[in-house]
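# can't give you the sequence, but here's the structure:
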C-alpha cells in the first residue's frame with residue numbers, strides 16, 4: 001500500500017496580525033511543511049509543494065506519496081555563554097578625563113574606567129576624580145551607576161547598572177562573535193553587533209527597553 005501525506009499551513013497578512021510591533025514568527029506548522037519538503041528531497045520521496053495567496057491569506061500545502069520520511073527537528077540556536085574568567089574589582093578602576101561619551105551633551109565626560117581585553121569597558125561617571133566622592137564632596141555608593149561602553153569610541157549601551165550587573169552584562173556582550181576593538185562605525189554594519197547589543201539590553205534594560213530589544217531580535221531572526 002502506498003502511503004500519502006498531506007499538510008497545509010496558513011500565514012495571515014501583516015495587516016491582520018494585530019499590533020504592527022508585535023513579532024509574529026512563522027508558525028510551527030509552516031516550518032513543519034518546509035522541513036517535510038527538505039526530508040522528501042533528501043530521501044527522494046515524490047512530493048508536491050503548492051503555494052497560494054487568497055484573500056490576503058498565504059497557504060502552503062505539501063503532498064507526499066511513498067515511504068513518508070520523518071522531518072528532522074530544527075536545530076536550536078546556540079545560547080550565548082558569558083565569559084566567566086574576568087572578575088574585576090571596583091578598585092581596579094582608573095580615572096580618565098575622556099572616560100565615556102555623554103549622548104545628551106554629545107561630548108566626552110570624566111569617570112573611572114575598568115577595561116576588558118575584548119574592547120569593552122565599565123565606567124563609573126565622576127566629576128570629582130575621587131572614587132566614592134561626588135562633585136560636591138558628598139559620599140557616593142560605588143556599587144551603583146556603572147555604564148558599559150565601547151572602549152574605542154566611548155559610546156555606551158544605554159544602560160546604568162549596579163557594578164555586579166554591569167560586569168555580567170559586559171561578559172554577555174563579550175561572549176558574542178564580535179570584534180569590539182574595531183571602529184564603532186564599522187561595528188554598526190555587523191548583524192552580530194546588533195544581536196549582541198539587543199541581547200544585552202533585553203537581559204539588563206528597563207521594561208520598555210527590554211520589549212523593544214526583543215522585537216529587534218525577532219526581526220534579526222526573521223531576516224537571517
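Received the coordinates, thanks. Because the structure is a prediction, the values reported are computed rather than measured.
# all contacts plus neighbour counts: C-alpha atoms, from now on.
OK.
# what does stretch 111-120 contact?
With Cα atoms under 8 Å, 6 or more residues apart in numbering as the test, stretch 111-120 has contacts from 88, 92-100, 121-127, 129, 131, 148-152, 170, 174, 179-181.
# what does stretch 60-78 give?
The set of residues that contact stretch 60-78 without belonging to it, under Cα under 8 Å, 6+ apart, is 2-10, 30, 32-33, 35-40, 43, 45-52.
# and the contacts of stretch 111-120, which are buried?
With neighbours counted by 16 or more other Cα atoms under 10 Å, the contacts of stretch 111-120 contain buried members at 93-96, 99-100, 121-126, 129, 131, 148-151, 170, 174, 180.
# inside strands: which ones of those residues?
Of these, the ones assigned to strands by DSSP state E are 94-96, 99-100, 121-125, 148-150.
# low pLDDT regions in this structure?
Flagging of the chain using pLDDT under 70 yields the residue ranges 1, 12-26, 75-84, 224.
# how about the strands in it?
Remark: strands assigned in the chain by DSSP E are 4-12, 47-54, 57-65, 94-102, 107-115, 120-125, 147-150.
# contacts for the fourth one next, please.
Put plainly, it is strand 94-102. So strand 94-102 is in contact with 107-114, 123, 125, 129, 149, 153-156, going by Cα under 8 Å, 6+ apart.
# show me the domain layout of this structure.
As assigned by automatic domain parsing, the chain contains the domains 4-65, 90-223.
# re earlier: out of the ones in strands among the buried ones among the contacts of stretch 111-120, which is nearest to residue 189?
Minimum separation from residue 189 among these (Cα to Cα) is found for residue 150, which lies at 15.0 Å.
# isn't the closest one right next to residue 158, touching?
No. Counting by Cα atoms under 8 Å, residue 150 stays clear of residue 158, with 11.3 Å between them.
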